[in-house]
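1. Return a 3D structure for these sequence lines:
(one chain, ligands or ions: 1)
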Amino acid sequence: MKRFKSFKLVLVLLSLPLPLIAQVNWTAPESIDSKKTKVSTASGRAVVVTANQLASDAALATLEGGGSAMDAVITAQTVLAVVEPQSSGLGGGAFLLYWDQAKQSLHALDGRETASAQVKEDMWTTSAKKTFPWLEATKSLSSIGVPGTTALLWEGHRQFGRLAWKDNFKISIHLAEAGFIPSPRFLRSISLAKRLGINHSQAFKSLYLPNGSLPKKRVPFQNPKLALTLRNLAKGGIDEFYRGEIAKNLIADLQLQKDSNSEVRTITLEDLANYKVKKRQPICREYRSWRVCSFPPPSGGGVAVLQALGTYEHLSKKNLSEKTIGHWHFLAESLRFADADRSHWIGDPIDWPIPLKGLLEDVYIVERANSIQNSKTTLRPFPGNPKGSEFLHFASQPRTAGKGTTHLVIVDLDGNIASYTSSVETVFGSRHLSGGMVLNNQLTDFSFLSEISGKPIANRIKPNKRPMSSMSPVIVFRDNRPVLAVGSPGGWLIPHYITNTLIRSLDLKFSPREAVSQKLISVRPNYTVLEKNANWSTPHLNIHEGLKRLGHHIKYSAFSSGIAIIKWHKGKWHGAADPRREGKAVSLP
Ligand code: GLU
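-> Residues are numbered from 1 along each chain as shown. Below is the predicted model:
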């Protein structure tokens, strides 16, 4: 428990002024730190990077106590559920990419939320075929998917855990019971949730806005209901969550909130009892001398990262400097083309045979890359026609708005690695709570329209289906050994942040500290987005002007990335946390 020394640090942080509350928009799914602080880095044989100091310290204590990277994930996730509930928790979903060093094998566990068997396929459209306002949908009970995080942790523990299941809950139970000093981001997120709308959730208001005001800055924040849920889960395991008292209370809470006149269909006891983690096949592609692996559908993020890297590799050849316009142009175009494919071809493969192999084939990626012009941007590129798509006639999904998520990376003393992204979707999810847990609104990640002009959308809503995600945990190999792990929150922009970071870390040999703190470029179908308040013009290169000359329409935006990265260099792991959030890297020497 010596790691609780970090409370002091949290106290020091609290003496800093609370930054202004940021706007909520598509590129700022959660709040953004208006002042970037120092990058947190750590190096050693075992490294943990999470979005919060208390979670990183708890995970490191688990490793020190003989736990595996998987035990440390469970510890970190349960602590994050208490201290960063705006982003992830037991009422959400997650993807885990796990490298098992002893078996030399890579695993992908899919704990994505699943639509209830009761779900209505047209639930996000009105009778006049208009889509529901996204913000309204996020508050609806219908937006709550069957939570998958707990089942993922259980399955991961069954396969890779070393400590007793319940031992990984001690710190989170303690923090929920005794309380923790709220971080600036936690408080800012409550304000943000208030602006998104909380009147539908009495439970949210009484926990996070007692008497209508924010929790006090220097007073430990307690969540006794969550402490009890964690205690029961520690004792009863998965059955307790999906079939036991936690499940029954969850359904009873939803029932209580259900307006008897409404047509709302939300999750049932049967849905909970039927939930299953899916073991997926990780997707990998060669990128120069590395092998980059990520998460397959229902994530569209992994496919986008691999496609964008492949396209960029083909276009850039050896032109590898951020000091050329070519680099920025090719990176933006690679992302834009990859996005056109993911909004068209990706959905849960339970509904359609997604042409995954075709989308990642060399010939296909080279063909796509060849349609990108050196001297002119292509706005609104069309999706391609990968092999395997011959009988699929989809319409592309119009972009939805949105998004709370967290990413963590852990390497343990034996070299097992976890790259884990976990989400409740919007800030504090649906803001509905049960047993102190935040319940997700992940079903708003489905397309709100299920078809356009008679053509279905791959990511349409269906009972028991998982919504397309952008979460893209990555592990990179060289000569068959892992050399880097990375991921980020950030909604639709996740693969953009990760591709920026991978090119810097791999090609340009940036250290983790540099890789997480440099300016980011992102795209939309018809414009290019440069990070606000970053230096886009040096005496040698005006990137804004250079891109404009190539026809890019440029906009500026703050980005709420939260990149967590570890990289192998000179016999050690080096980790860093994105300064745009409150992440912390810690290590064992
Ligand atoms: N719900 C999003 C997804 O699965 C993630 C949201 C976020 O990153 O904040 O893609």
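2. secondary structure class for the nearest residue to Thr405 once chain neighbours are set aside?
-> In space, not counting the residues next to it along the chain, Thr405 is nearest to Pro489; the distance is 3.4 Å by CB to CB, 6 or more residues apart in numbering. All C-beta spots, glycine's among them, are computed from the backbone N, C-alpha and C. Pro489 carries the three-state label coil when classified by DSSP: H, G, I helix; E, B strand; the rest coil.
3. need the helices for the stretch 201-350 of the chain, in chain order.
-> Counting by DSSP state H, counting those that start in this stretch, the stretch 201-350 of the chain has these helices, from start to end: 202-208, 224-242, 245-257, 269-274, 301-316, 325-345.
4. how about the ones you listed, which one is nearest the ligand?
-> helix 301-316 (6.6 Å; CB to the nearest ligand atom).
5. angle of the closest one against helix 325-345?
-> The directions of helix 301-316 and helix 325-345 differ by 140 degrees, with axes from the mean of the first three to the mean of the last three CA atoms, to 10 degrees as the criterion.
6. Could I get the CA-only coordinates of helix 301-316 as CSV?
-> These are the backbone C-alpha positions of helix 301-316, laid out as CSV (Å, rounded to 0.1, in the frame of the first residue of the first chain):
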residue,chain,number,x,y,z
GLY,A,301,-10.1,1.3,-36.0
GLY,A,302,-7.6,-1.5,-36.4
VAL,A,303,-8.4,-1.9,-40.1
ALA,A,304,-8.0,1.8,-40.6
VAL,A,305,-4.6,2.0,-38.8
LEU,A,306,-3.2,-0.9,-40.9
GLN,A,307,-4.6,0.4,-44.2
ALA,A,308,-3.4,4.0,-43.5
LEU,A,309,0.1,2.7,-42.7
GLY,A,310,0.2,0.6,-45.8
THR,A,311,-1.0,3.4,-48.0
TYR,A,312,1.5,5.8,-46.4
GLU,A,313,4.3,3.4,-46.8
HIS,A,314,3.6,3.0,-50.5
LEU,A,315,3.2,6.8,-51.1
SER,A,316,6.1,8.0,-48.9
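7. mean confidence score for that helix?
-> Helix 301-316 shows an average pLDDT of 97 in the prediction.
8. now the closest residue to Val424 other than its chain neighbours: how far from Leu152?
-> In space, Val424 comes closest to Gly92 once its chain neighbours are excluded; the distance is 3.9 Å by CB to CB, 6+ apart. As for Gly92, its distance to Leu152 is 10 Å (criterion: CB to CB, to the nearest Å).
9. Looking at those two, which is more packed in?
-> With neighbours defined as other CB atoms under 10 Å, Gly92 and Leu152 compare such that Gly92 has more, 33 against 25.
10. Check that one and give its pLDDT.
-> Gly92 is given a pLDDT of 98.
11. gap between the residue nearest the centre of the chain and Arg481?
-> Closest residue to the average C-alpha location of the chain: Pro489 at 3.7 Å, with CA atoms, centre = their mean. If you measure Pro489 against Arg481 using CB to CB, the figure is 28 Å.
12. Also Ser447?
-> In this view, Ser447 and Arg481 are 40 Å apart by CB to CB.
13. Could you tell me the least trusted of the helices of the stretch 201-350 of the chain?
-> Across these, helix 245-257 has the smallest mean pLDDT, namely a mean of 94.
14. what's in contact with that one?
-> When contacts are taken as CB atoms under 8 Å, 6 or more residues apart in numbering, the neighbours of helix 245-257 outside the stretch itself are 141, 144, 200-201, 203, 229, 232-233, 236, 240-241, 266-269, 272-273, 432-435, 439.
15. Give me the buried entries from these.
-> Among the contacts of helix 245-257, those scoring as buried are 141, 144, 200-201, 203, 229, 232-233, 236, 240-241, 266-268, 272, 432-435, 439 (criterion: 16 or more other CB atoms under 10 Å).
16. Glu177: how many residues sit nearby?
-> For Glu177, the neighbour count with other CB under 10 Å is 17.
17. sorry, that was for Phe382
-> Using other CB under 10 Å, Phe382 is surrounded by 12 other residues.
18. Just confirm it is within a helix.
-> No - when three-state DSSP is applied, Phe382 is found to be coil, with no helix at that position.
19. doesn't Ala340 make contact with it?
-> Yes - A contact is recorded between Phe382 and Ala340 when judged using CB atoms under 8 Å, the distance being 6.2 Å.
20. Using PDB, list the CA coordinates for stretch 369-377.
-> Written as PDB, here are the backbone C-alpha positions of stretch 369-377 (Å, rounded to 0.1, in the frame of the first residue of the first chain):
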ATOM      1  CA  ALA A 369      -2.700   4.300 -52.800                       C
ATOM      2  CA  ASN A 370      -2.100   4.700 -56.500                       C
ATOM      3  CA  SER A 371      -5.400   6.600 -56.800                       C
ATOM      4  CA  ILE A 372      -4.100   9.200 -54.400                       C
ATOM      5  CA  GLN A 373      -2.500  12.200 -56.200                       C
ATOM      6  CA  ASN A 374       0.800  13.700 -55.200                       C
ATOM      7  CA  SER A 375      -0.200  17.200 -56.100                       C
ATOM      8  CA  LYS A 376      -3.800  17.400 -55.100                       C
ATOM      9  CA  THR A 377      -6.000  16.300 -52.300                       C
END
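21. Show me how far it is from its chain's centre.
-> If you compare the mean C-alpha spot of stretch 369-377 with that of the full chain, they lie 30 Å apart, counting by CA atoms, centre = their mean, to the nearest Å.
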